[in-house]
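Student: sequence unknown, structure follows:
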């Protein structure tokens with residue numbers, strides 16, 4: 001594998017990864033502040049339902065904060081990847097290991113993020129009169145506008161992209177590492 005080609009594609013992935021992470025963070029903030037849910041003939045923003053009203057349990061608050069933190073972490077990770085790729089001082093073998101580890105981190109982080117999204121979606125909203133699952137409320141046209149459902153579906157889309165990116169990063173890193181080791185063995189013999 002040629003180093004220039006790998007660097008070019010890793011830069012493209014890191015920029016795409018940064019854009020998806022930023023959009024995910026903006027989507028999470030906009031979804032929680034702008035989208036209104038109609039429950040018991042009253043309109044509530046999602047942030048009000050999660051944090052202030054007492055309609056949801058405490059773990060929903062924690063899940064929302066963790067999702068916010070995860071997207072901030074993915075932004076930092078994508079920026080770090082870009083900075084490391086722009087720094088051409090590291091050797092090929094260390095760079096290949098870096099790509100492998102970043103790919104594994106993306107896969108593990110993607111599965112953890114998806115678990116938090118599912119757990120938050122399965123949380124119950126209980127107003128005293130109405131009891132509904134959070135995701136069902138988001139997907140119900142009588143409770144939430146259609147844009148709310150679209151914004152909610154963005155999260156699994158982003159996490160799927162992270163998982164696919166993780167597979168690609170891991171695959172490139174592993175293949176490059178194996179090629180380097182094969183070349184080292186052939187020069188030793």
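Tutor: Structure's in. What do you need? Remember, predicted model here, so these are calculated numbers, not experimental data.

Student: against which helices or strands is the helix or strand where residue 182 lies packed?
Tutor: Residue 182 belongs to helix 146-188 when assigned by DSSP states H and E. Applying 3 or more C-beta pairs under 8 Å, 6 or more residues apart in numbering; DSSP states H and E, one finds that helix 146-188 makes contact with helix 3-34, helix 92-121, helix 134-139. Where you see a C-beta, it was placed from the backbone N, CA and C, and this is true even at glycine.

Student: and it, average pLDDT?
Tutor: The predicted model assigns helix 146-188 a mean pLDDT of 88.

Student: check stretch 111-124 too.
Tutor: The model assigns stretch 111-124 a mean pLDDT of 92.

Student: now do the buried residues in it.
Tutor: Residues of stretch 111-124 classed as buried by neighbour count (16 or more other C-beta atoms under 10 Å): 113-114, 116-117, 119-121, 123.

Student: with respect to residue 33, which of those is nearest?
Tutor: residue 120 (16.1 Å; C-beta to C-beta).

Student: distance of the closest one relative to residue 98?
Tutor: Separation of residue 120 from residue 98 (C-beta to C-beta, to the nearest Å) stands at 32 Å.

Student: ok, now how distant is the residue positioned nearest the centre of the chain from residue 35?
Tutor: By C-alpha atoms, centre = their mean, the chain has its centre lying nearest to residue 159, at 4.5 Å. Noted for residue 159: a distance of 20 Å to residue 35, by C-beta to C-beta.
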